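*Asks:* Sequence plus the predicted model coming up.
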Amino acid sequence: MTTAFNSVFLYRKVRRVNLITLSVVGSALFLQVPASAISIRVSPIGAPLMIALFIALGLPSALGFGLSSGLPVQESVAARRIRRYDAVLVASSVCAFLALGAIGALVSAGFNAAAVGDTYLIAARALMTYLGWLLVARCIVGWRTASIAPALYLLAVGVFGFADETAAAGWAWIGLPANDGWAWACTWILLGLGTALWAFRPNWSIEVRAA
Amino acid sequence: MLRILPAVWLTLPTLILSILYVTKAIYPNNYGVAATAGATSSMAFLVGFVAMTAAWEAARLRRGGIWEAPHTRSRLDITIIAVTPSILLGAVVLLGTVVDASVYGQAGMPEIRIVAVGFVAICSWSLVGFLAGLRLPMSVSLPSMLLAPFLWFAFVPALPVEWLRHLSGMYRDCCRIGADIAPAALLAGLIMNVTIIVAALYAIGALRMRWSRIAATAMFVTGVMVSSAFAWNVGPIPEIARDPSALRCTEVGGTGLCLWPEHDSPTQLFRPTLTAVIVELARQDLPIPGRWSEELASATSVDTLTLDLWKSDPDSIRWSIAQGLAPWPACSKIPNTSFSDIPIDVLRGWWFTAMGGSEAMLQENLGWLIAEPSAFGVPPIKELYGTVGAASVASRVAWLERLTSLVAECQSPDDYSVQ
């Protein structure tokens, strides 16, 4: 019993669960800031949209940091299924963000009737996209630098994704309207690809290969 | 060494991206200051790569235990050696982008002052990135250093506090051809970035000062205040009027025509087109200002048409003239003024037609009004222009003066017909 408690405690400490929890709560709270009215332009008018996209980056970065901690070589051959703990950690933090954000969106909509619901949906979609990029990048560059991938994508969207300032390009789907089918399809495909790579090729990682 | 430096790998792709971005972001207007200032718009993402690669180097030194080990070189030397590749990345890309903007903009020599401030900004962010790499884990420092400059260069200028945008060292809003970069804006950017350099060097541990923490904080606060003081009075666009003695002026049938040297070369169409337009309008006895000039409008610009020329084809020149002859009135800037811009568009379209402008350009600019005039409370535009053109000189002039005076008072005419 003590061993199990110690191992969970150690896991929480190594994976920076406290930081991840803080990023979930902080991101969900920031999304409720009244400035987050929806607008689909990267301009002074559109700043709240980009703010939502930046807020959504917090959790994947924290997850990347937490999952990069520890000893990947040893974990890949450990008796305990560390990967299952990691999967639970990722799934629970994402679900917590979605739940807290949804509650906040409903509460905010009741107060000021702003389209905060759309902002929440866009942030949720962006979060899933970033997670997908994180999981795909893990196979190429390892956990330690995988969080560059979602940041690079966000930078590319911010700089090049709104060429005509009226709508985001197809590849910059995180900037498309909340109900855009193409954007959600891309999001689910990327997340599915990243999850599949993580689930079925857990040792496809530069840190493990280098050992 | 070169093999493991990310700054080396990233130089060429960043340069290509930067050139592509600037080519879409700026428009050729033959003016070196504007081209150089427009080139600095790529700093929004270029500096992110500079800071990220510096953070990478710092993380390498930290994780390898090299930074904490005793060494013969000073920390300042080690820092400079480590960030030099990142600074070179930034310098090469910035210079390449500036040269491309000057060539693409047909602008001649770049404005060196703007490039110098941009280089200092690159140095400051390389040190900030180095500091982040030393203090934070890679999974946090790399993405944050990639995005923090984007927030600084793209978001801060978008804030309603206008003077903040002059602190960054990016001057993408500058300058019309009649304007020069404001020295106060350059100083604000320079001082702010030097302040960041000093503060970063201190935080890295590369700079020792007496009463260290207090001195560093005081220097930082002073630097921010001084740079803000310079930026405070600049206004939303970092420009000042150019010296009008550089204008090249000629007389066209009693009307003075003054152009800047960048628009007055033998191969350009500005002067020939403007001369032809002045002659044509004078032939029609239309009331035109006695002086046409590219210098910025000022309180002393009485009876002067301020030209804002940026495209060099004859139709675009004519449309720019039409915009100058039917400008937005001062009363439209007063808050809560209900003002319709339809009369201005009608006037501009008429002037453009009177100058012999093409049907295609008229359609491009006023196609929405031509298609559904009744939706905007005007008669069919082409018929109106034909009627006005066929009327007597006195009627035509009276029609122009009536509409112009109503627009000047932010009013719309009840009746657009010629009387």
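*Replies:* Everything's here; your move.
*Asks:* Give me the contacts around stretch A:176-188.
*Replies:* Contact with stretch A:176-188 is made by A:38, A:40, A:117-118, A:121-122, A:125, A:128-129, A:132, A:167-168, A:170, A:173-174, as judged by C-beta atoms under 8 Å, 6 or more residues apart in numbering or on different chains. For every residue, glycine as well, the C-beta is placed using N, CA and C.
*Asks:* go again using 7 Å as the cut-off
*Replies:* A:40, A:118, A:121-122, A:125, A:128-129, A:168, A:170, A:173 (C-beta atoms under 7 Å, 6 or more residues apart in numbering or on different chains).
*Asks:* dump the residue contacts of residue A:25.
*Replies:* residue A:100.
*Asks:* What does residue B:305 show for phi and psi?
*Replies:* Main-chain torsions, residue B:305, degrees, to the nearest 10: phi -90, psi 120.
*Asks:* Kindly report the same for residue B:291.
*Replies:* Dihedral angles for residue B:291 - degrees, to the nearest 10 - are phi -140, psi 130.
*Asks:* Model confidence for it, exactly?
*Replies:* Looking at residue B:291, its pLDDT reads 90.
*Asks:* For it, give me its contacts.
*Replies:* Contacts of residue B:291 (C-beta under 7 Å, 6+ apart): B:255-256, B:303-304.
*Asks:* List the residue ranges of chain A that fall below the pLDDT cut-off.
*Replies:* By pLDDT under 70, the weakly predicted segments of chain A are A:1-5, A:7, A:33-48, A:72, A:76, A:79-80, A:108-117, A:163-166, A:201-211.
*Asks:* Which members of the contacts of stretch A:176-188 are the farthest-apart pair?
*Replies:* A:118 and A:170 (19.6 Å; C-beta to C-beta).
*Asks:* Of the two, which one has the most company?
*Replies:* Per other C-beta atoms under 10 Å in any protein chain shown, whichever of residue A:118 and residue A:170 has more neighbours is residue A:118, with 20 against 12.
*Asks:* Assign a three-state SS to residue A:156, would you?
*Replies:* helix (DSSP: H, G, I helix; E, B strand; the rest coil).
*Asks:* Please work out how many residues are found near it.
*Replies:* Residue A:156, neighbours per other C-beta under 10 Å, totals 14.
*Asks:* any idea how far it lies from residue B:26?
*Replies:* Applying C-beta to C-beta, to the nearest Å, the value for residue A:156 to residue B:26 is 20 Å.
*Asks:* Which members of the contacts of stretch A:176-188 occur in helices, if any?
*Replies:* A:118, A:121-122, A:125, A:128-129 (DSSP state H).
*Asks:* just the contacts of stretch A:176-188 now: which is nearest chain B?
*Replies:* Distances from chain B to the contacts of stretch A:176-188, taken as C-beta to the nearest C-beta, are shortest for residue A:129 (14.4 Å).
*Asks:* For the helix or strand residue B:9 falls within, buried residues please.
*Replies:* Assigning secondary structure by DSSP states H and E places residue B:9 in helix B:6-25. For helix B:6-25, burial by neighbour count (16 or more other C-beta atoms under 10 Å in any protein chain shown) applies to B:6-7, B:10-11, B:14-15, B:17-19, B:21-22.
*Asks:* so what secondary structure elements neighbour the very next helix or strand once past that helix?
*Replies:* Going down the chain from helix B:6-25, the next helix or strand is helix B:32-39, by DSSP H and E. Judged by 3 or more C-beta pairs under 7 Å, 6 or more residues apart in numbering or on different chains; DSSP states H and E, the packing partners of helix B:32-39 are helix B:6-25, helix B:75-104, helix B:112-135, strand B:179-181.
*Asks:* returning to that earlier point: of all the buried residues of helix B:6-25, which comes closest to chain A?
*Replies:* residue B:21 (6.6 Å).
*Asks:* Would you confirm that that closest one contacts residue B:42?
*Replies:* Yes: between residue B:21 and residue B:42 there is a contact under C-beta atoms under 7 Å: 5.3 Å.
*Asks:* which non-adjacent residue is nearest residue B:398?
*Replies:* residue B:419 (6.9 Å; C-beta to C-beta, 6 or more residues apart in numbering or on different chains).
*Asks:* Tell me the predicted confidence for that neighbour.
*Replies:* pLDDT at residue B:419 comes out at 74.
*Asks:* Next, count neighbours for it.
*Replies:* By other C-beta under 10 Å, 8 other residues sit near residue B:419.
*Asks:* now swap in residue B:264 and tell me
*Replies:* Neighbours around residue B:264, by other C-beta under 10 Å: 18.
*Asks:* Give me the phi and psi for it.
*Replies:* Torsion angles, degrees, to the nearest 10, at residue B:264: phi -120, psi 30.
*Asks:* OK, contacts around the closest residue to it other than its chain neighbours?
*Replies:* Of all residues not flanking residue B:264 in the chain, residue B:248 sits nearest, at 4.9 Å (C-beta to C-beta, 6+ apart). Contact partners of residue B:248, counting by C-beta under 7 Å, 6+ apart, are B:258-259, B:261, B:264.
*Asks:* Buried subset of those, written for ChimeraX?
*Replies:* Selection of buried members from the contacts of residue B:248 for ChimeraX, criterion 16+ other C-beta under 10 Å:
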select /B:258,259,264
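*Asks:* Which two of the contacts of residue B:248 have the greatest separation?
*Replies:* Among these, B:258 and B:261 lie farthest apart (C-beta to C-beta), at 10.9 Å.
*Asks:* related to what we said a few turns ago, would you list the buried entries among the contacts of residue B:291?
*Replies:* Using 16+ other C-beta under 10 Å as the burial test, the contacts of residue B:291 include B:255-256, B:304 as buried.
*Asks:* Which positions within whatever helix or strand residue A:24 lives in qualify as buried?
*Replies:* Using DSSP H and E, residue A:24 maps to helix A:17-30. Within helix A:17-30, the residues that count as buried by 16+ other C-beta under 10 Å are A:17, A:19-20, A:23-24, A:27-28, A:30.
*Asks:* Wondering if stretch A:55-69 reaches chain B at all.
*Replies:* Yes: residues of stretch A:55-69 are located near chain B by C-beta under 7 Å from any C-beta of the partner chain, namely A:61, A:64-65, A:68.
*Asks:* Show me the shaky parts of the stretch 251-400 of chain B.
*Replies:* B:299-301, B:336-338.
*Asks:* could you show me where the strands are in it, in order?
*Replies:* B:255-259, B:291-293, B:304-306 (DSSP state E, counting those that start in this stretch).
*Asks:* Closest residue of the stretch 101-250 of chain B to chain A?
*Replies:* For the stretch 101-250 of chain B, C-beta to the nearest C-beta, closest residue to chain A: residue B:143, 3.3 Å.
*Asks:* Verify the contact between that residue and residue A:147 for me.
*Replies:* Yes: look at residue B:143 against residue A:147 with C-beta under 7 Å: they come within range, at 4.8 Å.
*Asks:* Now do the shared contacts for these two.
*Replies:* residue A:61.
*Asks:* need the contact list for the residue nearest the centre of chain B.
*Replies:* The residue lying closest to the centre of chain B (C-alpha atoms, centre = their mean) is residue B:173, at 2.3 Å. The contact partners of residue B:173, by C-beta under 7 Å, 6+ apart, come to B:237-238.
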